[in-house]
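Colleague: fold the following, please.
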Amino acid sequence: MSLLTSTEIIRIRDLAALRRGDEIEAHLRHEVHYRGRVEDTAPGIGVVWIRDSSDGTRAILHAEEYAIWQIRTAPARAGIAA
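Modeller: Next up is the predicted model:
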């Protein structure tokens with residue numbers, strides 16, 4: 001079993017693309033201000049609620065204030081040796 005993973009970071013412009021449990025970062029002026037898992041979204045008003053991974057608090061993020069990035073981690077594909 002391999003522990004190798006592949007990480008993809010995707011800019012989210014439409015909050016409707018996020019689902020409960022997705023891991024995201026909120027950037028402000030090119031710095032990470034929040035990182036955590038999505039608890040709820042309200043795309044119509046441009047907000048997402050997360051559980052911050054650093055201290056466990058709940059945070060509300062406004063899409064107009066932050067650049068939202070989704071962090072996707074998946075097992076890396078390994079070649080099969082003959």
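Colleague: rest of the way, CA atoms for contacts and neighbours
Modeller: Noted.
Colleague: can you report how many residues neighbour Ala26?
Modeller: By other C-alpha atoms under 10 Å, 20 other residues sit near Ala26.
Colleague: quickly find the element holding the one residue sitting closest to the centre of the chain.
Modeller: Nearest residue to the geometric centre of the chain (C-alpha atoms, centre = their mean): Ile24, 1.5 Å. Taking DSSP states H and E as the definition, Ile24 sits inside strand 23-28.
Colleague: for Trp69, which non-adjacent residue is closest in space?
Modeller: Arg11 (4.4 Å; C-alpha to C-alpha, 6 or more residues apart in numbering).
Colleague: contacts only, for the one you found.
Modeller: Ala67, Ile68, Trp69, Gln70 (C-alpha atoms under 8 Å, 6 or more residues apart in numbering).
Colleague: and the strand holding Ile24, what does it pack against?
Modeller: If contacts are counted by 3 or more C-alpha pairs under 8 Å, 6 or more residues apart in numbering; DSSP states H and E, strand 23-28 sits against strand 31-42, strand 67-75.
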